[in-house]
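# turn this into a model:
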Amino acid sequence: MNAKKRCHFCHKIDLFGKEIELYYKGEPKKSTLFGRILTFLFLIIYVLFFIYKVIRMLLKIDVTFYEFQAYTGEVPSIQLSNENFYGGFALADPDTMLPYIDPTIYNIQAFFRSGKRVNGVWNWSIKPVPLEICKLEKFSPKYQELFKDKPLSNMFCPKEIDFTLEGHTTYDTYSFFYIGFYPCVNTSTFKICKPSTEIDKYLKKTYVSFKMQDIELTPQVFDEPTILRGKELSSPAWKSLYQNINSYFKIVSIETDNDVLGFEALSDIKIKKFLKYDQAIILSHINEDTDYQYGKPLCDVTIQLAEQILTIKRTYTKLVEVLGDVGGLMEVFLAFFYL
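Here you go, the predicted model:
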């Protein structure tokens, strides 16, 4: 008996059972002209809004993103090439602010330094970076239009860019570029410099000019999360005040979820890394030497990575969200039409 009762109870379980209805002339409800008009209007709105949301989803118009910088212990590192890092250096004429090259007034030397800290002691390796007069064709093809009108023939650029920039002083791995600007000083075997009064005219108060490839972030644009730009930096330099210009570049990691359906298990994350100029910090100290010293720079520029990686996570409207948005809006219309 008890078994039959339990079985009878199971027979009543049916989420999709048909409810008992009262029929009028063979129909469960009495239709009206106004009701039919509202029904067709409801269907038209539903279809149009669904198509509208699906089109926006397929075109990836509604992009949601957020960014953060968090310390994970990962040492920042990026391989450099002419595609993501290139530019020219020079001193600028104090009167015209235009860059110039004149070995009888100054010259530039560049080095790439990389080191590892073992038991608190840094072990360094130094590699000279050959320089040449800048050539437009050495810039990335994507940037050449931006730099075609720049005075590149009056600036020095690296002959080759094939280095790995990594770390920071807070890590046990650290590498950076060092660019020194040296005044021309005659020696017993080297006498090509202009008179010191003429050199003073240019170097007593001058400017460091740096023109480089850079990007701006546009994470709200799905297909192009960055746009190209030419960056121009300048900093004053004086004979009496030594300027150590520390330029920091940050690695930007853009993580994009390309999943269409919206299920976490089907997520398809694509990661792209970019290099972007961040900031410059200038450390200054009084130069007590009244004359230019051979082998001693007038000022220098250090190019290095920022301590943390900037991560941007992006996603766009998924099919599940489209169905939810459409269903939610149509519930509002349905309630209104019922009234």
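
# could I get the full set of helices for this structure?
Along the chain, counting by DSSP state H, helices occupy 2-11, 33-58, 144-147, 196-203, 319-338.

# quick one: closest of those helices to Phe156.
Phe156 sits nearest to helix 144-147 of all the helices of the chain, at 14.6 Å, using C-beta to C-beta. (C-beta placed from N, C-alpha, C; glycine too.)

# gap between the closest one and the chain center?
20 Å (C-alpha atoms, centre = their mean, to the nearest Å).

# hmm, who's touching it?
Leu136, Glu137, Phe139, Lys211, Leu228, Arg229, Gly230 (C-beta atoms under 8 Å, 6 or more residues apart in numbering).

# show me the contacts for the first one.
Applying C-beta under 8 Å, 6+ apart, one finds that Leu136 lies in contact with Gln144, Phe147, Lys148, Leu152.

# can you check the fourth one too?
Contact partners of Lys211, counting by C-beta under 8 Å, 6+ apart, are Gly87, Gly88, Phe147, Lys150, Leu152, Met155, Gly230, Lys231, Glu232, Leu233.

# that one pairs with what?
Beta-bridge partners for Lys211, by DSSP bridges, are Gly88, Glu232.

# distance of it relative to Ala306?
Separation of Lys211 from Ala306 (C-beta to C-beta, to the nearest Å): 21 Å.

# and which of the contacts of Lys211 is nearest Val320?
Looking across the contacts of Lys211 and measuring by C-beta to C-beta, the closest to Val320 is Lys231, at 41.3 Å.

# that closest one contacts Leu275, correct?
No: taking contacts as C-beta atoms under 8 Å, Lys231 lies outside contact range of Leu275: 11.5 Å.

# and the two? Which one has more around it.
The residue with more neighbours, out of Lys231 and Leu275, is Leu275; 20 against 15, by other C-beta atoms under 10 Å.

# so what pairs up with the more buried one in the strands?
Bridge pairing for Leu275 - DSSP bridges - gives Ile251.

# also Ser247?
Assessed by DSSP bridges, Ser247 has beta-bridge partners Ala280, Ile303.

# so what's it up against?
Phe210, Leu233, Tyr277, Gln279, Ala280, Val301, Thr302, Ile303, Gln304.

# and it, how far from Thr311?
22 Å.

# same thing with Phe336?
For Phe336, the distance to Thr311 - C-beta to C-beta - is 44 Å.

# the more surrounded of those two?
Neighbour count, other C-beta under 10 Å: between Phe336 and Thr311, Thr311 has more, with 17 against 10.

# tell me who's in contact with the spatially most central residue of the chain.
Geometric centre of the chain, nearest residue: Val252, 4.2 Å, by C-alpha atoms, centre = their mean. By C-beta under 8 Å, 6+ apart, the residues touching Val252 are Ile215, Leu217, Thr226, Lys273, Phe274, Leu275, Lys276, Ile309, Leu310, Thr311, Ile312.

# got it, and Val47?
By C-beta under 8 Å, 6+ apart, Val47 has no neighbours at all.

# for stretch 263-274, buried residues please.
By neighbour count on 16 or more other C-beta atoms under 10 Å, the buried set for stretch 263-274 is Phe274.
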